[in-house]
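Q: Build me a model:
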Amino acid sequence: MPISNTDPLYRGIDYALRLREAIERGETRDLQREQAALTNFALGVPAGDAAGPCRGARYAFVCWVDELFTCQSRWSDAWNRQKLESNLYGANDRASEFWRQAKLADALPTDETLAAYFLCVALGFRGELRHEPQALLAWVEKTRSRVARGEAAPGASSRSTRRPQRARRLPGSVRAQRFVTVATVATTCLLPLAAFAVVRRFLG
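A: Numbering: from 1, shown residues only. You can find the predicted model right below:
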């Protein structure tokens, strides 16, 4: 299935990866301008139900971007002083909150949001599991299995699980399948640089 370059999450990922590569090559970029651009991408990513605790795919993207530029990056110090998470959520809890949000996403009746968290892990996000490889691998295997099947979360309402097949072809489900297409390949090695190459190849 072709990957759409118009999806906000994919466009944001592509932009962030290209920016990171440019910075590591020594190119001069304006930090505030680039953060504003990435913030705009983030605001285009679904944020979840405002009335509920799940922050949606947007939070996954924000956490991934912050970790991308604070871990072994030329911009580490400057980015640490003004993270996207702090600007958008008024917090600095991504190491643990990412995984709490991933758990909430796992409880949703559809898999699109969880697939976004899966993709961000495939692209290198680790948080508090950075030094817990067994826990990380267990999460990856469990989550990959679910999003690849596109099944509903355990305990989801019967109304959700008995949707007509046609309903599963809505745009959200198409995006989730795109996530799986890339992330399933990327997580075969769980090496960020290799994952970057895989995603860049798919994004063009």
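
Q: how near is the residue lying closest to residue 44 once chain neighbours are set aside to residue 31?
A: Nearest non-adjacent residue to residue 44, counting by CB to CB, 6 or more residues apart in numbering: residue 8, 3.3 Å away. (C-beta placed from N, C-alpha, C; glycine too.) From residue 8 over to residue 31 the distance is 22 Å, taken as CB to CB, to the nearest Å.

Q: ditto for residue 48
A: The value you get for residue 48 to residue 31, if CB to CB is used, is 28 Å.

Q: Between these two, tell me which one has more neighbours.
A: residue 48 (18 against 14; other CB atoms under 10 Å).

Q: need the contact list for the most centrally placed residue in the chain.
A: Closest to where the C-alpha atoms of the chain average out (CA atoms, centre = their mean) is residue 120, at 3.3 Å. Counting by CB atoms under 8 Å, 6 or more residues apart in numbering, residue 120 makes contact with 60-61, 63-64, 98.

Q: which of the residues you listed lies closest to residue 82?
A: residue 63 (15.2 Å; CB to CB).

Q: isn't that closest one right next to residue 94, touching?
A: Yes - between residue 63 and residue 94 there is a contact at 4.1 Å, judged by CB atoms under 8 Å.

Q: any residues in contact with both of the two?
A: With CB under 8 Å, 6+ apart, residue 63 and residue 94 have common neighbours 85, 127.

Q: Quick check: residue 118 vs residue 127, distance?
A: Residue 118 is 14 Å from residue 127, where distance means CB to CB.

Q: sorry, that was for residue 138
A: Where residue 127 is concerned, residue 138 sits at a distance of 15 Å (CB to CB).

Q: Compare the two and say which is more crowded by neighbours.
A: residue 127 (20 against 12).

Q: can you pull out the helices in this structure?
A: 8-24, 31-43, 56-70, 76-81, 84-89, 94-106, 112-122, 133-149, 158-161, 171-186, 192-203 (DSSP state H).

Q: Can I get those helices in JSON lines including mean pLDDT?
A: Shown next, in JSON lines, are the helices of the chain (pLDDT from 0 to 100):
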{"stretch": "helix 8-24", "mean pLDDT": "92"}
{"stretch": "helix 31-43", "mean pLDDT": "97"}
{"stretch": "helix 56-70", "mean pLDDT": "97"}
{"stretch": "helix 76-81", "mean pLDDT": "96"}
{"stretch": "helix 84-89", "mean pLDDT": "97"}
{"stretch": "helix 94-106", "mean pLDDT": "97"}
{"stretch": "helix 112-122", "mean pLDDT": "92"}
{"stretch": "helix 133-149", "mean pLDDT": "88"}
{"stretch": "helix 158-161", "mean pLDDT": "41"}
{"stretch": "helix 171-186", "mean pLDDT": "52"}
{"stretch": "helix 192-203", "mean pLDDT": "52"}
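
Q: Of those helices, flag the one that's most buried.
A: helix 112-122 (a mean of 27; mean count of other CB atoms under 10 Å).

Q: Can I get it as PDB, trimmed to CA atoms?
A: Extracted in PDB, the C-alpha atoms of helix 112-122 (Å, rounded to 0.1, in the frame of the first residue of the first chain):
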ATOM      1  CA  GLU A 112      -4.700   3.700  15.000                       C
ATOM      2  CA  THR A 113      -3.400   5.500  18.100                       C
ATOM      3  CA  LEU A 114      -1.500   2.500  19.400                       C
ATOM      4  CA  ALA A 115       0.100   2.100  16.000                       C
ATOM      5  CA  ALA A 116       1.500   5.600  16.300                       C
ATOM      6  CA  TYR A 117       3.100   4.700  19.600                       C
ATOM      7  CA  PHE A 118       4.500   1.600  18.000                       C
ATOM      8  CA  LEU A 119       6.000   3.500  15.100                       C
ATOM      9  CA  CYS A 120       7.700   6.000  17.500                       C
ATOM     10  CA  VAL A 121       9.300   3.100  19.400                       C
ATOM     11  CA  ALA A 122      10.400   1.600  16.100                       C
END
